[in-house]
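Student: fold the following.
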Amino acid sequence: MNPLNLMRKTWPSSLMILSLLLGFAVGAQATAAETAGLQVLTEESPPLNFIRDGEITGLATEVVRELAKRTGSAATIRLVPWQEGYQALLEQPDVALFSTVMTAERKPLFKWVGPLAVLDTNLYALKGSAIKIANLDDARKVNRIATVAKYYSEQILEKEGFTNTQSYPNREATVRALLDGKVQLLASSNLGMPAALKKMDGSMDDVETVFTLSTDLFYIAFSKATSPERVARWQDALDGMKRDGSFAKIYARWLPAEIPPGIFQLVTEEYPPITFMKDGKPSGFVTDMVREIAARQKIPDDIRLTSWKNAYNMALLHPKVVLFSAERTPEREKLFQWVGPVGKNSAMLYAKKGSGIRINSLEEAKAIGAIATTTNWFTEQHLKREGFKNLRSSPDPRENVRQLMKGEVQLSIFTDITIPEIVRDAGYGMQDLEPVFTVVQTYFYIALSRDTPAEVAHAWQSTLDRMKQDGTFEKIYRRYLPDVDLDDLLKQ
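Tutor: Next up, the predicted model:
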């Protein structure tokens, strides 16, 4: 498959390339009979795997060959059309198909080893443009975003209601538009962008990623009847390559500008002062806590900052995803494993200064004309759970401030920790608002995906507990919030 088609909705075929290659990572103790009975299938999809000088090569091919060498396994990669490989995976035993993107629909159909590679749909800007994108609302304000007609990246923006896109026939045309200054941003995949730039006599040094719209992870998909022992051996072999650095070296040869997927995926959002981007690097007091936990457990702290929706969906779907920070609500309790608490806040209803609005109970708040909430935030979920019908949801919390100041809503709900930054970014000051009612006081946590082994969650919790005991927790917290009372947090 041409790499320019990776971001089409038909990219499942290219996804299988990676899974196939990793399929070679047969466990060190696999029997010859087991290995011989395995079909390893994929399709051509540079740079993951493709034919060059009559041989299969590429990032995934190199990984598979190393895995085969380490496990003493013999396997033959066979290139087939995606649909043929997928049908074999569904209908036949002992089939490994890569690169396969894990989706909610596919997850229960197969067994999985990975992740092998990351497919990010990004917004790119020219290097040095000084364009800062913290969320989708920021992206909507730029003059023009280049997209490729019918590609997945264009479909994402269309679904989100973007009206400032300019559609082009191919990825090279979007790159030229960006390099010529006709557009301010370009929507593309991290796998297709290097090749497109090269064709236009450019390189990844000419651009920078300013925001990640969505993240998909490539795996090896095994047919459902594959033995759990075989799948575990393959996963152990891949994890071993990640621990000793050989996986990263292969990744860097093919995708030097990309961060390879680790054993754990650490994801967060822009939510200062808890998590936010500073000087091109994720920062914030919970970010620093996650980094400290990772360091003590010798885990690379390759943190991805993206939208809450993207991060949340990754944690719902994939194993070994660390999502931070998250409120531990009744709706979420059984969806994740919880480490914490790492902070506390109060969810409060705010009115425009001088409005004269006084609220003494939730019932009185339900009678208000309209309350602005942030889509999928715990504050919105809490009000919905309490039976509120007068909510006006927006994906960007700054829009809630603007609606309040323009009189489009009578109240907005925020937390006391995060509201100062949100109000400032919206162009106002805290003197323009006033709190009128405290809805709930809550603690927030680090959330680990449900499929993560329980012993991993226990190790994270034990490390956090030691940080509270040795003073590290308080030291990190007070770098950002020096005057907060931490007594109850330190006891939990």
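
Student: for the closest residue in space to E327 that isn't next to it in sequence, what are its contacts?
Tutor: Leaving aside its sequence neighbours, E327 sits nearest to F378 (CB to CB, 6 or more residues apart in numbering; 3.5 Å). Every C-beta, even on glycine, is put in place using the N, C-alpha and C of the backbone. Contacts for F378 (CB atoms under 8 Å, 6 or more residues apart in numbering) come out as 326-327, 329, 332, 347, 442.

Student: where in the chain is pLDDT low?
Tutor: Along the chain, segments meeting pLDDT under 70 span 1-37, 74.

Student: ok, back up a step: how close does the residue nearest to E327 get to F473?
Tutor: F378 sits 22 Å away from F473, going by CB to CB, to the nearest Å.

Student: same check on T71?
Tutor: Separation of T71 from F473 (CB to CB) stands at 41 Å.

Student: swap in I359?
Tutor: For I359, the distance to F473 equals 35 Å [CB to CB].

Student: swap in P319?
Tutor: From P319 across to F473, the span is 27 Å (CB to CB).

Student: now I422
Tutor: In terms of CB to CB, I422 sits 25 Å off from F473.

Student: C-alpha coordinates for the host helix or strand of L464, CSV please?
Tutor: Using DSSP states H and E, L464 sits within helix 454-470. Provided in CSV are the C-alpha atoms of helix 454-470 (Å, rounded to 0.1, in the frame of the first residue of the first chain):
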residue,chain,number,x,y,z
ALA,A,454,-2.9,-5.5,39.0
GLU,A,455,0.7,-5.8,40.3
VAL,A,456,1.6,-2.8,38.2
ALA,A,457,-1.0,-0.6,39.8
HIS,A,458,0.1,-1.8,43.3
ALA,A,459,3.7,-0.9,42.5
TRP,A,460,2.7,2.6,41.4
GLN,A,461,0.6,3.1,44.5
SER,A,462,3.5,1.8,46.7
THR,A,463,5.9,4.2,45.1
LEU,A,464,3.5,7.1,45.5
ASP,A,465,3.1,6.2,49.2
ARG,A,466,6.8,6.3,49.7
MET,A,467,7.0,9.7,48.1
LYS,A,468,4.5,11.0,50.6
GLN,A,469,6.5,9.6,53.4
ASP,A,470,9.9,10.8,52.3
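
Student: what does it rub up against?
Tutor: Helix 454-470 has contacts (CB under 8 Å, 6+ apart) with 289, 292-293, 296-297, 320, 322, 337-340, 342, 446, 448, 473-474, 489-490.

Student: and it, what's buried?
Tutor: Of all the residues in helix 454-470, those buried under the rule 16 or more other CB atoms under 10 Å are 456-457, 459-461, 463-464, 467-468.

Student: which residues touch stretch 404-412?
Tutor: 349-352, 355, 357, 359, 365, 368-373, 392, 400-401, 403, 426, 428, 432-433, 436.

Student: again, only this time at 7 Å
Tutor: Outside stretch 404-412, the residues that touch it by CB atoms under 7 Å, 6 or more residues apart in numbering are 349-352, 357, 365, 368-372, 392, 400-401, 403, 428, 432.

Student: now the end-to-end length of it.
Tutor: Using CA to CA, to the nearest Å, the end-to-end distance of stretch 404-412 comes out at 7 Å.

Student: go through it and flag the buried ones.
Tutor: The neighbour-count check on stretch 404-412 (16+ other CB under 10 Å) flags 404-405, 409-412 as buried.

Student: tell me the contacts of D120?
Tutor: By CB under 7 Å, 6+ apart, D120 lies in contact with 189-190, 212, 215.

Student: just give me how far stretch 197-217 sits from the chain centre.
Tutor: The chain centre lies 17 Å from the centre of stretch 197-217; the measure is CA atoms, centre = their mean, to the nearest Å.

Student: before we move on, the earlier item: ok, and the most crowded of the contacts of F378?
Tutor: Counting neighbours by other CB atoms under 10 Å, A326 comes out on top of those with 24 neighbours.

Student: which SSE is the closest residue to that residue other than its chain neighbours in?
Tutor: Excluding the flanking residues, the one nearest A326 by CB to CB, 6+ apart is A447, at 4.2 Å. Following DSSP H and E, one finds A447 within strand 433-449.

Student: buried residues in that strand?
Tutor: For strand 433-449, using 16+ other CB under 10 Å, the buried residues are 433, 436-437, 439-440, 442-449.

Student: can I get the buried residues of helix 454-470 in CSV including distance to A130?
Tutor: Output for the buried residues of helix 454-470, formatted as CSV (distance: CB to CB, whole Å):
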residue, distance to A130
V456, 40
A457, 40
A459, 41
W460, 37
Q461, 41
T463, 38
L464, 37
M467, 36
K468, 40
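
Student: contacting residues around the residue most central in space within the chain?
Tutor: Centroid-nearest residue in the chain, with CA atoms, centre = their mean: A311, separated by 3.9 Å. Contact partners of A311, counting by CB under 7 Å, 6+ apart, are 267-269, 323.

Student: ok, back up a step: the buried residues of stretch 404-412 in strands, which ones?
Tutor: 411-412 (DSSP state E).

Student: closest to E62 out of the buried residues of stretch 404-412?
Tutor: S412 (52.1 Å; CB to CB).

Student: circling back to that earlier point, ok, the residue nearest to E327 to R332 distance?
Tutor: Separation of F378 from R332 (CB to CB) stands at 8 Å.

Student: residues near L90, how many?
Tutor: So L90, with other CB under 10 Å, has 15 neighbours.

Student: what do you get for D483?
Tutor: If we define neighbours as other CB under 10 Å, then D483 has 5 of them.

Student: and it, its phi and psi?
Tutor: For D483, the backbone dihedrals are phi -100, psi 0 (criterion: degrees, to the nearest 10).

Student: one more: the one 3 residues further on?
Tutor: Note on L486: its backbone torsions stand at phi -110, psi 10 [degrees, to the nearest 10].
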